[in-house]
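**Q** Can you look at this prediction? I've put the sequence above it.
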Amino acid sequence: MRVAVLIGGVGGAKLASGLMQVVAPEQLTFIVNTGDDFRHLGLKICPDLDTVMYTLAGLADPEQGWGIAEDSTAALKSLEQNYGVEPWFRLGDKDLATHLLRAQLLRRGHSLTAVTDCLVQRLGITARLLPMCDDEIPTIIKTEQHGELGFQEYFVKHRWQPIVKSIEHKGCERAAMSPAVSAALETADVILIAPSNPWLSVAPILAVPGLRTALKVADAPVVAITPIIAGAAVKGPTAKIMAELGLDVSEAALARFYGDIIDGFVNDIRNQPLCADNLRTVQLNTLMMDTKAKDDLARNTLEWIAGWAL
Ligand code: GDP
């Protein structure tokens with residue numbers, strides 16, 4: 001069964017770990033948000049791509065959810081102590097190796113898709129990892145206190161505290177879906193939307209021109225998994241942003257947000273049952289606190305879909 005997954009960083013990576021246990025990795029394609037990408041110290045940083053990549057490679061830091069486990073910070077300390085550079089964005093030494101190699105390959109003219117393929121192969125990952133797009137579509141957050149902020153300024157520098165007024169996917173009208181993403185959606189048997197932040201991680205992917213249509217015309221069922229459990233986000237600003245945008249913090253609001261691009265919705269057992277026209281729903285334990293819960297969610301989701309769609 002070929003499974004394509006639209007995915008952000010930390011929340012999505014948990015589902016990715018589970019899927020790796022229940023689906024042959026060669027059958028898995030992760031289409032990853034790159035709206036958070038930015039340049040730092042002259043390097044292109046792709047936080048979500050790297051979080052998923054390190055997770056698939058078994059290198060991820062289980063404590064913080066991003067970066068490489070047991071990494072050191074000598075380069076960052078030297079930048080601060082010797083050069084007075086404020087270390088607002090944390091990059092470990094081993095993590096830096098990824099950014100250096102990526103920068104070199106990009107400078108040689110390869111696309112981000114090709115560069116990611118190369119990194120993934122060298123790490124021995126057999127699942128496919130695709131940036132949502134080879135063009136840059138930076139997520140810009142319009143805030144009450146600071147006006148427009150780049151994503152990492154909002155998320156890391158200001159620790160997602162400013163009030164969000166709106167979110168823009170800059171330059172999306174000039175971007176194009178990559179042939180690899182288009183093929184992955186066309187050939188998938190199941191398309192999942194991971195329990196990632198719908199506004200900060202999934203909306204940028206949906207902003208890639210043609211992607212919404214590709215989901216609507218796909219033969220495969222499209223199923224989203226809730227990132228909201230009992231009226232709150234497990235981690236991060238999803239619930240806060242929903243409230244700031246004037247939405248209910250509820251599974252119903254999430255289902256409305258995805259609208260006609262989804263055929264199914266995996267709701268949590270702690271949430272209110274969801275009733276919506278033309279939408280299949282199921283209530284599962286979606287809280288992935290340990291390896292078993294990750295594997296169970298992946299398996300139960302795919303078994304449920306197989307019961308009505310395959
Ligand atoms: P980011 O890019 O690092 O912010 O990560 P994502 O966008 O992939 O994930 C953030 C979202 O994941 C938040 O809305 C969390 O509520 C959700 N999340 C994190 N862990 C879990 C979990 O165990 N279960 C569910 N259902 N959602 C989770």
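**A** Done, it's in.
**Q** Contact residues of the stretch 1-150 of the chain facing the ligand?
**A** Contact residues (Cβ under 6 Å from any ligand atom) of the stretch 1-150 of the chain with the ligand: Gly8, Gly9, Val10, Gly11, Gly12, Lys14, Asp48. No exception for glycine: its C-beta is placed from N, CA and C like everyone else's.
**Q** which residues are in contact with the helix or strand where the fifth one lies?
**A** If you go by DSSP states H and E, Gly12 is part of helix 10-22. The contact list for helix 10-22 (Cβ atoms under 8 Å, 6 or more residues apart in numbering) reads 3, 5, 7, 28, 30, 32, 48, 51-52, 55-56, 60, 65-66, 127, 192, 194-197, 201, 225, 227, 234-236, 288, 291, 293-299, 302.
**Q** just how off-centre is stretch 22-37 within its chain?
**A** Stretch 22-37 sits 9 Å away from the centroid of its parent chain (Cα atoms, centre = their mean, to the nearest Å).
**Q** For it, could you pull out the residues that count as buried?
**A** The neighbour-count check on stretch 22-37 (16 or more other Cβ atoms under 10 Å) flags 22-23, 27-37 as buried.
**Q** same question, stretch 134-154
**A** Across stretch 134-154, burial judged by 16+ other Cβ under 10 Å covers 134-143, 149-154.
**Q** Ok, stretch 224-235 next?
**A** Using 16+ other Cβ under 10 Å as the test for burial, stretch 224-235 gives Ala224, Ile225, Thr226, Pro227, Ile228, Ile229, Ala233, Val234.
**Q** Roughly how far does whichever residue of the chain sits closest to the ligand sit from Met20?
**A** The nearest approach of the chain to the ligand comes at Gly11, 2.0 Å away (Cβ to the nearest ligand atom). Here Gly11 is placed at a distance of 16 Å from Met20 (Cβ to Cβ, to the nearest Å).
**Q** who has more neighbours, the two?
**A** Higher neighbour count among Gly11 and Met20: Gly11, with 25 against 20, using other Cβ atoms under 10 Å.
**Q** Met177 versus that one, what's the distance?
**A** Applying Cβ to Cβ, the value for Gly11 to Met177 is 24 Å.
**Q** Now do Val202: how many residues are near it, please.
**A** Using other Cβ under 10 Å: Val202 sits among 26 other residues.
**Q** I'd say it and Asn33 touch.
**A** Yes: using Cβ atoms under 8 Å, Val202 and Asn33 qualify as a contacting pair, with a distance of 7.2 Å.
**Q** Show me the common contact partners of these two, please.
**A** Common neighbours of Val202 and Asn33 (criterion: Cβ under 8 Å, 6+ apart): Gly8, Ser196.
**Q** about what we covered before: which of the buried residues of stretch 224-235 fall within strands?
**A** Of the buried residues of stretch 224-235, the ones assigned to strands by DSSP state E are Ala224, Ile225, Ile228, Ile229, Ala233.
**Q** Now do the end-to-end distance for stretch 126-141.
**A** With Cα to Cα, to the nearest Å as the measure, stretch 126-141 spans 35 Å from end to end.
**Q** how about Pro131, phi and psi?
**A** The phi/psi pair for Pro131 (degrees, to the nearest 10) reads phi -60, psi 150.
**Q** Ok, Glu148 next?
**A** With angles defined as degrees, to the nearest 10, Glu148 sits at phi -80, psi 130.
**Q** And it, how close does it get to Thr213?
**A** According to Cβ to Cβ, Glu148 stands 29 Å off from Thr213.
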